Structure formats: structure tokens, C-alpha cells
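How does the following fold in three dimensions:
(one chain, ligands or ions: 1)
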Amino acid sequence: MAENVEEEKKNEDYSGSSITVLEGLEAVRVRPAMYIGSTDIRGLHHLVWEVVDNSVDEALAGFCNHIEISILPGNGIRVTDNGRGIPTDIHPKEKVGTLEVVMTKLHAGGKFDSNSYKVSAGLHGVGVSCVNALSTKLIATVRRNGKVVTQTFSKGVPCGPQQEIGTCAADDHGTTIEFYPDDTIFSETVYVYDTLATRFRELAFLMSGLRLTLTDEREETGEEKPSETFCFPGGVSEFVRYVDEHRTPLFNEPIHLVLPDGQYPLEVAMWYNDGYQENFFSFVNNVNTYDGGTHVTGFKTALTRVISKFAQDMPKGKKDISITADDIREGLTAVIAIKVSQPQFEGQTKRKLGNSEIASYVASAFGAKLDEYFQENPAAVKVILDKVYFAAQAREAAHKARTLARRKNVLESGGLPGKLADCSSRDPKECEMFIVEGDSAGGSAKQGRKREFQAILPLRGKILNVEKASLHRVLDTEEIQNLVNAIGCGLGTECKLEKLRYNKIVIMTDADVDGSHIQTLLLTFFFRYMRPLIDEGHVYLAMPPLYKLKVGLKERYLFDEKEKEIAMAELEDKKNVTITRFKGLGEMSPEQLFETTMDPEKRFLKQCYVEDAVVADQIFSMLMGEDVEPRRKFIETNAYKVLNDLDI
Ligand code: 0RA
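Have a look, this model is predicted:
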């Protein structure tokens with residue numbers, strides 16, 4: 001066939017076909033940016049992507065495993081592949097050599113069979129004919145069927161018909177394209193080695209087994225010419241390894257999942273490191289989608305779904321902190337590479353995949369594969385979940401720190417919890433705050449207090465048991481936030497007594513089991529998070545009376561059973577005697593509450609301090625038990641042993 005073509009060509013006036021070529025390719029020369037994006041350095045490199053892309057297509061089709069690229073003196077580029085070689089027989093429709101058609105017809109794209117994943121590295125997919133149009137000189141050489149055939153072009157126009165210039169081994173095949181960009185079109189004509197190397201490395205990762213060699217053959221420096229060969233049998237797995245080279249991985253091998261046979265061939269590699277960033281690299285048909293798109297969305301959906309599913313099976317203690325998609329992606333490096341036959345690119349720079357069907361495809365196909373992988377690799381799941389929960393904790397801690405910082409500012413500008421009935425004095429030395437169990441007792445306390453120096457903070461129900469909850473959850477509860485903000489001295493390492501707003505913090509609860517429980521919960525909180533408050537003697541327990549004894553018109557309050565027995569024994573005649581038991585603080589009138597429990601002249605307070613920190617720690621942590629009843633019992637009978645009582 002090739003011989004016939006040559007015979008025909010030799011006998012023909014070549015100008016006929018040249019005219020049609022000019023019509024097509026002249027448009028490229030008039031508006032080059034429309035075809036290759038720009039005529040700056042990016043456009044200049046784009047020519048290389050376009051040519052190499054044709055060779056990559058041969059590799060994708062399974063006919064090529066080596067591509068050699070050289071930067072030539074005079075800033076030419078030579079790309080040689082070991083693919084099938086561009087056909088050199090006569091093209092049935094165009095009546096010239098197929099080689100010439102490929103090199104001169106716009107959008108011929110190289111191949112005539114439907115090449116479904118062709119997008120071109122530059123996203124424009126204009127084909128090698130554009131490169132030809134924008135080159136002062138292009139030489140195409142084909143090794144095929146034992147022959148070496150070449151054709152030369154200038155600005156897209158053939159300089160003559162293709163010529164057989166020699167023979168090659170019968171099993172030798174491939175294409176060489178050498179071109180010199182037109183410096184009247186490009187503002188920049190000097191190739192950047194690293195730009196080319198980066199892309200070829202990337203291509204080698206994406207096309208496992210394909211070997212790409214880049215050599216800089218420009219100026220003779222006497223030194224060895226820069227040359228690199230990129231070949232990664234591990235594919236995208238090695239890509240992730242390369243990206244994370246300077247990070248500390250959480251497990252030895254990246255997770256590498258390949259779904260070659262689905263509707264959209266898909267390959268994912270992912271690896272966790274001990275850092276905080278998420279690092280995604282996504283590709284569609286070997287083109288980097290810098291701005292992600294639907295394939296990345298699908299990946300994220302699947303990842304979140306599958307990891308969350310496995311998180312359900314975690315031990316109970318871990319689960320009380322909820323994890324987010326961001327927690328799941330912290331420290332994750334992933335490469336997502338998909339093949340899409342009709343990709344739609346979005347955005348100003350067209351670097352984002354838009355096909356909506358891809359999101360659901362990736363979510364389900366990759367999700368199923370990842371689920372399967374995790375079922376088979378429980379050790380990996382454990383490492384990942386540990387990391388994810390660590391991220392969740394750190395996130396919540398950071399959030400709390402920010403919230404508290406913000407709240408502190410609010411506080412400084414006079415903002416205090418709405419439930420707090422503050423005192424009018426601003427001298428902490430004389431100020432007291434009563435933490436009161438229940439809103440109704442809180443109401444009585446507000447009415448009965450000495451407003452100048454006594455503040456009231458009603459507590460609704462019980463605060464969280466801080467021994468059983470993470471710091472983050474503790475700080476999330478409104479009651480504790482109110483407490484922290486009202487007291488004003490901050491928490492944990494940030495607990496600064498100079499900022500304390502009250503000299504005395506008085507816990508005022510009913511004299512019953514629930515009251516004791518609330519006391520203990522509050523003391524546990526102060527012990528764990530505001531320890532200096534206890535150590536410096538700022539925390540007190542109020543001692544409301546248990547009984548009111550009325551003899552005639554005289555009233556007396558009795559504070560415990562023993563006191564009651566003595567008082568009863570002292571009564572000689574028991575006429576006109578009434579004894580009332582207070583079921584709770586709420587049963588007292590504001591006046592009674594003040595008189596019996598809050599009046600500094602008459603009240604009893606217990607000052608709390610820690611006798612032995614280690615013992616206290618043991619006891620407080622012992623209170624973590626799941627069973628409420630034994631804990632209550634313990635509190636009732638033992639809690640006060642930890643706390644030394646001091647009557648004032
Ligand atoms: C047209 C048809 C075939 C291959 C090619 C073009 C081809 C183009 C380029 C550009 C650079 N390297 C290339 N390698 C091949 C298919 C040929 C066949 O069916 O044998």
C-alpha cells in the first residue's frame with residue numbers, strides 16, 4: 001500500500017492537497033489561542049502535550065510502552081514512541097497518505113477508530129495537526145511494516161509527499177514527531193525542562209508500566225545532558241507515595257483500588273499521614289482536574305459513608321464524639337483517576353469535571369470496593385479510625401477554645417449568662433455566687449439575696465458527669481458554659497484566679513440524694529477543670545436546714561437529724577409545737593432561704609478542699625461507673641470524706 005501511495009504522489013502535482021490543508025490550518029495560525037489556549041509559555045508546552053498525548057493513546061490501546069522526549073537545540077521537540085506507527089497507506093477518502101491526513105486535518109485527532117477517552121492533555125484535544133500548523137518545521141517519521149517513512153511540513157503545509165527513507169526490523173514500529181514552534185506565533189520559545197519532567201512523571205504514575213524518558217539535548221555544556229526516565233509499575237499508589245515522601249505515613253502501603261471494567265474505568269490510591277491537610281489529586285483521562293469535580297465529590301461521598309459505617313462498630317467510649325467528613329479526610333492524600341468518554345469540563349479554566357452521572361457512579365462503585373477492602377483489612381480500618389477520632393477531638397477542642405475566647409471577650413464587655421442574677425458590686429473579694437439547684441429555688445434566692453454582693457446562678461437539673469464525657473462535650477453543654485462564664489476565671493491551663501469574679505462560690509442544693517449528686521457533679525467539674533478554685537478555698541457547700549421547729553411564736557431551724565433529736569428532747573411540754581420538714585429549697589420563702597442559708601451572719605457553709613489529690617482523683621474517677629444507684633450511694637456515704645468540712 002505504502003508503495004502505491006508513493007508512486008501516486010510522485011506523479012502528482014502536490015499543490016492540490018496543499019490548498020485544502022491551508023484552509024484548515026490557516027485558521028489555527030490566525031487564531032492560535034482558540035486552539036491551544038494561549039501563545040505564551042503555556043501554549044508552547046501545550047504543543048508537547050498534544051504530541052505526547054497521541055503516543056499515550058497508543059499506550060492506552062496497549063501498543064506502546066515507551067515514549068522518549070527530547071528537547072533539541074533550537075528549542076525543537078522530538079517525541080518517539082514504540083506504538084503501531086501512523087499508517088502510511090493511502091487514505092480512501094482523502095486520496096493522500098494517512099500520515100499526511102493525520103498531520104494536516106484539523107480534529108483528525110490522530111486516529112480514525114473511535115478513541116473514546118481522548119481528551120488531550122491540554123483539554124483542547126485539537127490534535128497534532130495544530131502543532132504542525134504552529135511549527136516552522138515538522139518532521140514525521142514512521143517505522144512500520146519494515147519500512148521507515150517520513151514526511152516534512154512547514155507551518156502545516158507538506159514540503160512534499162511522504163518518502164521511504166530506509167528499512168527497519170519487521171517487528172520494529174513506532175512514530176517520531178520532531179517540531180520547531182514558530183517564533184512569530186509564540187511569545188516564548190524556550191522550553192522549561194522541569195515543566196515537561198513534572199508532566200511526564202505524572203503521566204508515568206497514571207499509566208503504570210509506561211516508560212517516559214526526557215532528555216535535554218540543548219546547548220553543549222560539556223556536562224552530562226539532563227535526562228530522566230519515569231516508570232512506575234505501582235501506578236497511582238506510587239504517585240501517593242511520591243506526594244507524601246516528606247510526610248509520616250500511618251501505614252506501610254497506600255490503599256490502592258482499581259476498577260478497570262466498570263462503566264468508567266477508575267483507579268484510586270489513598271494514604272493517611274500524621275499531618276492535617278487533605279491532599280487530593282484528580283484526573284480525568286490523564287488530565288489533571290485541578291479544581292476537582294464530580295469524580296472527587298463521588299470519592300468523598302463514598303469515603304465518608306464507608307468510614308462512618310465502620311466507625312459504628314467502634315468501642316462505645318469513642319463514639320460519644322461525632323466525626324465529620326473533614327475529620328475523615330484530615331491527613332489524607334489521595335489520587336483519583338477516572339476515564340470518561342464524554343467529559344464536560346466546567347469553570348473558567350475548565351479544570352473541573354462537570355458530568356453529574358460520575359458522582360453517583362464513583363460513590364457507589366468506589367464505595368463498594370472500599371467497603372470490601374476494609375472488611376478484608378481490619379487493621380487499616382483501626383489505624384484510620386484512630387486518626388479520624390483524634391482529628392475529631394482536636395477539632396472540637398479547637399472549636400471550644402475559640403468559643404471560649406469569644407465568650408471571654410463578650411464577658412469582658414459585660415455580657416454574662418442570661419440566667420445569672422449578678423450582684424452590683426464589682427469587687428470580687430466581697431462577692432459571692434450561689435449555684436442553686438432548680439429554677440424555683442433560684443427564684444427564691446434571687447428575691448431573698450443581698451443584691452450588692454450576692455449573685456445567683458440557677459442550674460436546671462444536673463450537669464454532665466465530666467468524668468464520663470470528653471472535654472469537648474462537657475464544654476458544649478449550656479449549663480457548664482454558663483458556669484464558666486459567670487465565674488470568669490477560665491478553664492484548665494487557662495484557669496487564672498486573678499479573673500475570678502467571686503471570692504465565694506457556693507453550691508446550694510436540696511438536702512437530699514439528688515442534691516448530693518449535683519454537689520458531686522459540680523465538685524467533680526471544679527476538680528477537673530478549675531482546680532485552683534478548690535485549692536485556694538473558693539468553693540463552698542451551702543447548708544440549708546432540714547426542719548423548722550415552731551414553738552408558740554418562736555421559730556428555729558434545725559440542720560440535721562441529730563440537732564432535731566436534741567431540740568425535741570429539750571422541749572418540756574409539747575404544746576403548740578409544729579415541726580416542718582423542708583423537702584427542698586423551693587419550699588422556703590425568699591426570706592426564709594436568706595435567713596437560714598444565705599445570710600453571712602447566720603448561715604453555715606462548708607468549705608471544700610482536697611485532702612489528697614491522688615485519692616481524690618481515684619474517687620472522682622470511680623464515680624464514672626455506669627450504674628447510677630451505686631454511684632449515688634457512694635456519694636452519699638463517702639463524698640464528704642474527700643472534702644474536709646469547715647464551719648464558718
Ligand atoms: C492513526 C491510526 C493508528 C495509529 C495512529 C494514527 C498513531 C498516531 C500517533 C501519533 C503519535 N504516535 C502515534 N501512533 C499511532 C492505528 C494504526 C493501526 O491500526 O495499525
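
Going by C-alpha atoms from here, please, whenever you check contacts or count neighbours.
Noted.

shouldn't Gln151 be in contact with Gln162?
Yes: using C-alpha atoms under 8 Å, Gln151 is in contact with Gln162, at 4.3 Å.

What distance do you get for Cys130 to the ligand?
Distance from Cys130 to the ligand, counting by C-alpha to the nearest ligand atom, to the nearest Å: 13 Å.

How about Ser589?
Per C-alpha to the nearest ligand atom, Ser589 is found 96 Å from the ligand.

wait, that residue sits on Ser444?
Yes: Ser589 sits in contact with Ser444 when judged by C-alpha under 8 Å, with a separation of 6.3 Å.

Compare the two and say which is more crowded by neighbours.
More crowded of Ser589 and Ser444, by other C-alpha atoms under 10 Å: Ser444, with 22 against 16.

Can you tell me the closest non-neighbouring residue to that one?
Using C-alpha to C-alpha, 6 or more residues apart in numbering and skipping residues adjacent in sequence, the residue nearest Ser444 is Pro590, 4.4 Å away.

and if you look at Gln519?
Distance criterion C-alpha to C-alpha, 6+ apart; nearest residue to Gln519, sequence neighbours excluded, is Ile507 at 6.7 Å.

Centre of the chain to whatever helix or strand that neighbour lives in, how far?
Assigned by DSSP states H and E, Ile507 belongs to strand 504-508. Strand 504-508 sits 44 Å away from the centroid of its parent chain (C-alpha atoms, centre = their mean, to the nearest Å).

C-terminal to it, what's the next element?
Next helix or strand after strand 504-508 toward the C-terminus (DSSP H and E): helix 513-529.

Let me know the next secondary structure element after that next one.
For helix 513-529, the succeeding helix or strand toward the C-terminus, using DSSP H and E, is helix 531-535.

Pull the contacting residues for Asp599.
Neighbouring residues of Asp599 by C-alpha atoms under 8 Å, 6 or more residues apart in numbering: Arg449.

pLDDT value on it, please?
Predicted confidence (pLDDT) for Asp599: 95.

Please name the bridge partners of Lys352.
Beta-bridge pairing for Lys352 (DSSP bridges): Glu346.

Now for it, how many residues are close by?
24.

That one and Asp291 touch, don't they?
Yes: counting by C-alpha under 8 Å, Lys352 touches Asp291, with 4.8 Å between them.

Report whether the top strand by length along the chain contacts the ligand.
Secondary structure of the chain per DSSP state E: the longest strand is strand 135-144. No: Strand 135-144 does not reach the ligand (C-alpha under 6 Å from any ligand atom); its nearest approach is 8.6 Å.

Which positions in the stretch 1-150 of the chain make contact with the ligand?
So the stretch 1-150 of the chain meets the ligand at 54-55, 58, 83-87, 110-111 (C-alpha under 6 Å from any ligand atom).

go on, the stretch 151-300 of the chain?
Taking C-alpha under 6 Å from any ligand atom as the test, the list of the stretch 151-300 of the chain residues beside the ligand reads Thr175.

can you map out the strands along the stretch 151-300 of the chain?
According to DSSP state E, counting those that start in this stretch, the stretch 151-300 of the chain carries its strands in the segments 157-158, 163-167, 174-181, 211-216, 227-230, 255-259, 266-272, 279-284, 287-288.

For Pro600, which of those strands is the nearest?
strand 266-272 (60.9 Å; C-alpha to C-alpha).

tell me which strands and helices the closest one is in contact with?
helix 236-243, strand 255-259, strand 332-338 (3 or more C-alpha pairs under 8 Å, 6 or more residues apart in numbering; DSSP states H and E).

And the pLDDT at the closest residue to Asn285 other than its chain neighbours?
Sequence neighbours aside, Lys339 is the residue nearest to Asn285 in space, at 4.8 Å (criterion: C-alpha to C-alpha, 6+ apart). In this model, Lys339 is scored at 94, pLDDT.

got a list of what Lys339 touches?
So Lys339 contacts 117, 264-266, 284-286 (C-alpha under 8 Å, 6+ apart).

And it, how far from Thr80?
Going from Lys339 to Thr80 by C-alpha to C-alpha, to the nearest Å gives 25 Å.

go on, Glu591?
According to C-alpha to C-alpha, Glu591 stands 99 Å off from Thr80.

Which one's more surrounded, the two?
Higher neighbour count among Glu591 and Thr80: Thr80, with 24 against 15, using other C-alpha under 10 Å.

hang on, that one is in a helix, isn't it?
No: assigned with DSSP: H, G, I helix; E, B strand; the rest coil, Thr80 falls outside any helix and is strand.

who touches the residue lying closest to it once chain neighbours are set aside in this structure?
With C-alpha to C-alpha, 6+ apart as the criterion, Thr80 has its nearest non-adjacent residue at 4.2 Å, and that residue is Thr176. Thr176 makes contact with 78-81, 139-142, according to C-alpha under 8 Å, 6+ apart.

so can I have JSON lines of those showing pLDDT?
Below are these laid out as JSON lines (pLDDT from 0 to 100):
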{"residue": "Arg78", "pLDDT": "98"}
{"residue": "Val79", "pLDDT": "98"}
{"residue": "Thr80", "pLDDT": "98"}
{"residue": "Asp81", "pLDDT": "98"}
{"residue": "Ile139", "pLDDT": "98"}
{"residue": "Ala140", "pLDDT": "98"}
{"residue": "Thr141", "pLDDT": "98"}
{"residue": "Val142", "pLDDT": "98"}
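
of all these, which two lie farthest apart?
Using C-alpha to C-alpha, those span at most 14.3 Å, a distance reached by Asp81 and Ile139.

Show the pLDDT at Glu478.
For Glu478, pLDDT reads 82.

could you say what helices and strands the longest strand of the chain packs with?
Counting contacts by 3+ C-alpha pairs under 8 Å, 6+ apart, strand 135-144 is packed against strand 147-154, strand 174-181.

Mean pLDDT per helix and strand in this protein: which one sits at the bottom?
In the chain, no helix or strand scores lower on mean pLDDT, DSSP states H and E than helix 2-10, which sits at a mean of 40.
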